[in-house]
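**Student:** Any chance you could fold what I've pasted below:
(chains A and B, ligands or ions: 2)
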Amino acid sequence: MSTLVIKDLHVEVGEKEILKGIDLTIQTGEVHAIMGPNGNGKSTLLSAIMGHPKYRVTQGSIELDGQDVLAMSVDERSRAGLFLGMQYPQEIPGITNSDFLKAAMNARLEKPISLFQFIRALDKNIAELDMDENLAHRYLNEGFSGGEKKRNEILQMKLLQPRFALLDEIDSGLDVDALRVVSEAINSMRNDHFGCVMVSHYERLFELVPPTHVHVLIKGQVVMSGGYELIEKIDQEGYEWIKELGYELESQEERKPIILENCGRKDNSYHG
Amino acid sequence: MDNYVLSSSFYCVVYNGQCIKANLPEGVDFENHTICFQNQKPVEIQFVYLLDQNESMDINIVIKEHVEVQMIETKIFENHSHFQKKIYVQESAMLHIFSENDSSNEEDIYVKEEVFLQNDALCQCGYAELSDGCYDGKYHYYLQGEGAQAKVRMAVLSKKKESKHYEVFIQHCCPLTYGQMDNYGVVKDEGKLIIDGVGSITKGQHGSASHQTNKIMVFDEKCVAQANPYLYIDEYDVKASHAAAVGKMDEEHLYYLQSRGLTKKQAMHLITYGYLKPVIAVIDNKMIKERFETALSKVGA
Ligand SMILES: Nc1ncnc2c1ncn2[C@@H]1O[C@H](COP(=O)(O)OP(=O)(O)O)[C@@H](O)[C@H]1O
Ligand SMILES: [Mg+2]
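**Tutor:** Ligands and ions are numbered 1, 2, ... in the order given. The predicted model follows:
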């Protein structure tokens, strides 16, 4: 059994403090749901756990079975058993999905997986996720529909077998059938050696993958934790009632693509 | 010098201008620095060019009318060497080249290649430029017959303190000619890379098309990179396009790959490989893919 412990986590993006002291303990065998209106810090929390360079931890700690996660690089966190299914998976031209998946699997193996074993694992999971077979040979997420990208995240989770999966709006862009397939995939991973944190707005996902714990994240703080009844209440009443408990909501609409840095330069030369 | 790998059953090893080892198919001769192809059936052949320090060599290649050739070139040159090659592709001949530069020089190497194409001749060439040192390369194509086509793909890696300059030039000397170049570069460490892509269509060469893409990806702060497109067009009835861009490697791409457990080095290798890979598409051959992958990992890209 493994434990992921987050204590008093403060995170800044740019100059702004987004997370203001998060405490959360997740054990393998558990599924935690994190809910909250847009712009309140859900993705920030998951990205900070994974180690995205733009999210700066200014206070607090994250430990995985006593190991200091904050001291690890992003790839070390992955190899230690953390996995983030991203809200907006990157499109990377030139790298085929299957080359990428193989490299990711090999990154945590002492001896590289044989081509035969790899193809067998890949085909099996692609079939279970009801994905288009050609997606393996296409460039990583390039031109994938929203739903295909999300399924591709789940495919990676299944191949990499993490101890803790953090799934950020994994249900967005999925139609009813795809949602069912993805939910089954998550459920099939549930056991005493697997823990999961899911962020979603929709009760539907939580109906299909019932969480053991539910948290409401408002303005960078967990204002309430409980069980499934919280999901039902939010589904029926939204978040207005939380205001009556004395909490302000971050009302801002979520900005869609998060552009972290201007990476491409329009002019033709570069002098570092 | 003799660390080249032969991977075709037909080959020719040229050392400082002399043929030192060869197995040539029927219809292919090497005499007086000139290799002449008159083979009836299409052939695949590998040329290995070796040059010692301060040496120079001149090579001529003639592909006769209607002849088809697939060529793998391996270039291993030492400091201050000069390599010059002229290729004549005659009427309706077809030449595909995959050219790998595996030199482990430190100081300058000078290369000038000129390709002359007659009516309906085709030359498609992919250059995998992964040499270790400084480099000055000129690759000139002259479309001298109607219907002649040149398609050039270039993949360049400049790393450490290397300084590399490439000029790819396609001259349309006849109507109804087609020229296309796609030049891709990756610059790391303190490397420097300049790519000049030049397309020129003179007056009267109607119905011609000149297309080019020049793209360089920069990995580190101390890199210097320039992608310069030039199009000289003196004719109305033509198609032309160009695109040029120098950009930093996308940090989000790196993060995504690392979040799946790849080290930064592995992630950068995969990104580099993906970026330069189009060069291997010029010849449909599995072995070339492997050679390219090995060459890339050897230079620690
Ligand atoms: N990369 C970023 N650059 C600037 N602001 C950001 C960035 N990421 C998140 N934010 C800001 O942080 C806040 C929380 O965002 P986020 O964690 O994405 O919310 P949620 O996932 O709950 O919708 C928002 O105000 C958002 O605008
Ligand atoms: Mg979010």
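
**Student:** since we're on residue A:66, how many residues are nearby?
**Tutor:** Using other C-beta atoms under 10 Å in any protein chain shown, residue A:66 has 7 neighbouring residues. Every C-beta, even on glycine, is put in place using the N, C-alpha and C of the backbone.

**Student:** I'd like to know how far it sits from residue A:78.
**Tutor:** 18 Å (C-beta to C-beta, to the nearest Å).

**Student:** Ok, residue B:151 next?
**Tutor:** 40 Å.

**Student:** Next: residue B:130.
**Tutor:** In terms of C-beta to C-beta, residue B:130 sits 30 Å off from residue A:78.

**Student:** In terms of neighbours, single out the busier of those two.
**Tutor:** Set side by side, residue B:130 and residue A:78 show more neighbours around residue A:78, with 25 against 22, by other C-beta under 10 Å.

**Student:** Which helix or which strand is home to the more buried one?
**Tutor:** helix A:74-80 (DSSP states H and E).

**Student:** following that helix, which helix or strand shows up next?
**Tutor:** strand A:82-85.

**Student:** rounded to a whole number, what's the mean pLDDT of the next helix or strand after that following strand?
**Tutor:** Remark: after strand A:82-85, the chain's next helix or strand is strand A:92-96, criterion DSSP H and E. Across strand A:92-96, the average pLDDT comes to 91.

**Student:** got the CA coordinates for strand A:92-96 in PDB?
**Tutor:** This file holds the C-alpha atoms of strand A:92-96, laid out as PDB (Å, rounded to 0.1, in the frame of the first residue of the first chain):
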ATOM      1  CA  ILE A  92       4.000  16.600 -30.700                       C
ATOM      2  CA  PRO A  93       4.700  16.400 -34.400                       C
ATOM      3  CA  GLY A  94       7.200  13.900 -35.700                       C
ATOM      4  CA  ILE A  95       7.000  11.500 -32.800                       C
ATOM      5  CA  THR A  96       4.600   8.600 -33.400                       C
END
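
**Student:** That one packs against which elements?
**Tutor:** strand A:139-140, helix B:251-258, helix B:264-276 (3 or more C-beta pairs under 8 Å, 6 or more residues apart in numbering or on different chains; DSSP states H and E).

**Student:** With mean neighbour count added, can I get the ones you listed in CSV?
**Tutor:** Output for those, formatted as CSV (neighbours: other C-beta atoms under 10 Å in any protein chain shown):
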stretch, mean neighbour count
strand A:139-140, 22
helix B:251-258, 22
helix B:264-276, 20
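
**Student:** Could you measure from residue A:91 over to residue B:256?
**Tutor:** 9 Å.

**Student:** For chain A, what's the nearest residue on the stretch 151-300 of chain B?
**Tutor:** residue B:274 (2.5 Å; C-beta to the nearest C-beta).

**Student:** Look up how far residue A:51 lies from the residue in the stretch 151-300 of chain B that ligand 2 sits nearest to.
**Tutor:** Proximity of the stretch 151-300 of chain B to ligand 2 (C-beta to the ion) peaks at residue B:252, 15.4 Å away. As judged by C-beta to C-beta, residue B:252 and residue A:51 stand 13 Å apart.

**Student:** again, but for residue B:22
**Tutor:** 56 Å.

**Student:** With residue A:177 instead?
**Tutor:** 34 Å.

**Student:** Compare the two and say which one has the larger neighbour count.
**Tutor:** residue A:51 (23 against 10).

**Student:** What sits closest to the more buried one if chain neighbours are left out?
**Tutor:** residue A:74 (4.3 Å; C-beta to C-beta, 6 or more residues apart in numbering or on different chains).

**Student:** burial measure for that neighbour, as a count.
**Tutor:** So residue A:74, with other C-beta under 10 Å, has 25 neighbours.

**Student:** thought it was touching residue B:257?
**Tutor:** No - at 9.2 Å, residue A:74 does not count as touching residue B:257 under the criterion of C-beta atoms under 8 Å.

**Student:** Poorly predicted segments of the chain, please.
**Tutor:** Picking chain A for this. A:251-272 (pLDDT under 70).

**Student:** wait, chain B
**Tutor:** For chain B (pLDDT under 70), the answer is B:1-2, B:298-301.

**Student:** center of it, which residue is that?
**Tutor:** Compute the mean C-alpha point of chain B, and by C-alpha atoms, centre = their mean the closest residue is residue B:127, 2.2 Å away.

**Student:** doesn't that residue fall inside a strand?
**Tutor:** Yes - Residue B:127 forms part of a strand when assessed by DSSP: H, G, I helix; E, B strand; the rest coil.

**Student:** what about the strands in the stretch 151-272 of chain A?
**Tutor:** Taking DSSP state E, counting those that start in this stretch, the strands of the stretch 151-272 of chain A run over residues A:164-168, A:195-199, A:213-218, A:221-226, A:269-271.

**Student:** And for the one residue in the stretch 51-200 of chain A that gets nearest to ligand 1, the neighbour number?
**Tutor:** Across the stretch 51-200 of chain A, the shortest distance to ligand 1 (C-beta to the nearest ligand atom) belongs to residue A:54, at 5.3 Å. Look at residue A:54: counted by other C-beta under 10 Å, it has 16 neighbours.

**Student:** Test of understanding: give the bridge partners of residue B:211.
**Tutor:** residue B:180, residue B:241 (DSSP bridges).

**Student:** what's near enough to touch it?
**Tutor:** B:179-181, B:199, B:239-242 (C-beta atoms under 8 Å, 6 or more residues apart in numbering or on different chains).
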